[in-house]
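# Okay, predicted coordinates and the sequence, questions at the end:
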Amino acid sequence: AAKSDPIRVKAPPAPLGMARLDGTFTVDLRDTSHYGFSSFPGDIQSGWRFKPKCRQGACDVTWKDAQGVALAGVLKNAGPRYEGTATTRLASCGELRGSGTVTVVIEVVKAASVRDAWRATQIVGTFVERFPAQLGCVASGADYEVTGTLIA
């Protein structure tokens with residue numbers, strides 16, 4: 001019997017909705033609009049750390065700012081989208097720290113096999129801060145466009 005050539009099969013990549021959001025991402029936050037702040041930093045570069053709540057695959061994740069900013073929350077997973085809200089004390093008014101909410105909506109736009117797991121490698125989305133009028137300060141808010149890339 002003649003030896004046959006080996007068969008090569010190129011499997012299509014898994015869908016982005018199955019990519020695991022796991023690890024530390026460098027994140028660029030581009031200021032698209034803001035109001036009510038007396039001074040505003042504009043664009044921000046940061047790092048976000050995501051930790052899945054399941055052992056494998058895509059699922060809800062805990063999210064936190066890797067730079068020690070008091071920002072953390074849970075993002076709910078729905079396909080390639082993740083969304084959630086968290087409370088923040090990022091805004092200040094004089095000596096006072098106002099409390100507000102941030103809403104994060106991100107989508108996995110690129111994924112790759114990383115250490116034997118199908119993982120998100122690039123994310124895009126929005127980061128929205130809202131601070132109600134409080135402590136004698138006016139209401140303020142900021143909207144950012146988010147792009148992130150997996151680094152670890």
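Cool, got the structure. Numbers count the residues shown, from 1 in each chain.
# I'd like to know how many residues surround Pro41.
Look at Pro41: counted by other CB atoms under 10 Å, it has 11 neighbours. (C-beta placed from N, C-alpha, C; glycine too.)
# Quick check: closest non-adjacent residue to the residue nearest the centre of the chain.
Centroid check for the chain by CA atoms, centre = their mean gives Ile106 as the closest residue, at 5.5 Å. Computed as CB to CB, 6 or more residues apart in numbering, the closest residue to Ile106 that is not its neighbour in sequence is Gly125, at 3.4 Å.
# List the beta-bridge partners for Lys76.
Beta bridges link Lys76 to Glu83 when assigned by DSSP bridges.
# right, I mislabeled it, should have said Glu107
Arg81, Val124.
# Could you do Ala117 as well?
In beta-bridge terms (that is, DSSP bridges), Ala117 pairs with Val114.
# okay, now it: neighbour count?
14.
# Could you do Lys53 as well?
Close neighbours of Lys53, defined as other CB under 10 Å, add up to 11.
# ditto for Gly98
18.
# What ranges in this structure fall below the confidence cut-off?
By pLDDT under 70, the low-scoring segments of the chain are 1-2, 90-92, 94, 96-97.
# That one: strands as residue ranges?
Shown for the chain, the strands assigned by DSSP state E span residues 23-35, 44-52, 61-65, 72-78, 81-88, 92-93, 96-97, 100-114, 117-131, 140-150.
# List the contacts of Cys59.
20, 52-53, 77 (CB atoms under 8 Å, 6 or more residues apart in numbering).
# same check, this time on Ala72
Neighbour list for Ala72: 62-65, 86 [criterion: CB under 8 Å, 6+ apart].
# hmm, back to that, thought Val104 was touching the residue nearest to Ile106, still the case?
Yes: using CB atoms under 8 Å as the test, Gly125 is close enough to Val104 to be in contact (6.9 Å).
# Please enumerate the shared neighbours of those two.
Common neighbours of Gly125 and Val104 (CB under 8 Å, 6+ apart) are 82, 146.
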